[in-house]
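Asker: Have a look at this prediction, sequence included:
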Amino acid sequence: MPLTVSLLLAMTFYPSRAVANVVYTVSFPTLPVTGTITTNGNTGVLSASDILSWDLSTTPNIHFPSDVNDGNSAVSVTGGVLNATPSQLTFDFSSNSPGALIFASPSTFPSTFFSSPCCTDVMAVEFCDADTPCVNQNNDQTFSTVQLTQIAPGCCGGSNDVGESGVQVIGVNDSLPEPGTLALFSTAFGTLLLVARRRGARLAGFNSRCSSGRFR
């Protein structure tokens, strides 16, 4: 098979692959939390069932846990505030749905943690809209916030929070090609298609001259 045709076939069928899990990289310049959130590839409004795994960490501290992941914590999503596209994960901090996205260890934080205290260390990363409060180590509430809370029962506790508004990007799919790469891909495809058509036209003219006896 000619190289041009092979390239065209490869480029044509490559984008038709089935939707796979998507790993979004999480990073906040003003909050010491980094990591990843992995979804099942669904887009639009997401629920907790769309989140397959997560691993969010902060600066290690001698008193507090420094990591929440799908093996040691739970995730909860309320309202229609968490949205996904193939390239980004967003949260609507101005929504009045109410809505929240919470990664917490233990899973009782903050829903029943303060009414039924336990002796378990706490780490929670909370995203809260304008109608749903984030709760810190003192059971204080803040709205339209992304917040990190850590508690060491019998010792101490601390929190960091950043106020947000509107729809904000909270995760980016780093595996997608850059826009410039996509443009280059499109240009290359168009060029190869044009070359293939011209070669096909010359071959058709050659065959026509041969069959009519006019080939010289």
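Answerer: It's in.

Asker: For the residue nearest the centre of the chain, give its distance to residue 62.
Answerer: By C-alpha atoms, centre = their mean, the chain has its centre lying nearest to residue 24, at 3.0 Å. Residue 24 is 30 Å from residue 62, where distance means C-beta to C-beta, to the nearest Å. (Glycine included, C-beta is placed from N, CA and C.)

Asker: again, but for residue 47
Answerer: 37 Å.

Asker: gap between the nearest residue to residue 97 once chain neighbours are set aside and residue 96?
Answerer: Using C-beta to C-beta, 6 or more residues apart in numbering and skipping the chain neighbours, the partner closest in space to residue 97 is residue 79 (3.3 Å). Distance, residue 79 to residue 96, using C-beta to C-beta: 9 Å.

Asker: shared neighbours of the two, anything?
Answerer: residue 129 (C-beta atoms under 8 Å, 6 or more residues apart in numbering).

Asker: still on that earlier bit, is the residue nearest to residue 97 in contact with residue 128, as I believe?
Answerer: No: Residue 79 lies out of contact with residue 128 (C-beta atoms under 8 Å); the separation is 10.1 Å.

Asker: hmm, back to that, what about the residue nearest to residue 97, how many residues nearby?
Answerer: Other residues within reach of residue 79, judged by other C-beta atoms under 10 Å, total 18.

Asker: Report the contact partners of it.
Answerer: 95, 97, 98, 99, 100, 129, 132.

Asker: helices and strands of the chain: which one bottoms out on pLDDT?
Answerer: In the chain, no helix or strand scores lower on mean pLDDT, DSSP states H and E than helix 3-13, which sits at a mean of 45.

Asker: what secondary structure does residue 49 sit in?
Answerer: Residue 49 carries the three-state label helix when classified by DSSP: H, G, I helix; E, B strand; the rest coil.

Asker: per-residue pLDDT, the nearest residue in space to the residue nearest to the centre of the chain that is not next to it in sequence?
Answerer: Closest residue in space to residue 24, ignoring its immediate chain neighbours: residue 171 at 3.0 Å, by C-beta to C-beta, 6+ apart. The per-residue pLDDT reported for residue 171 equals 97.
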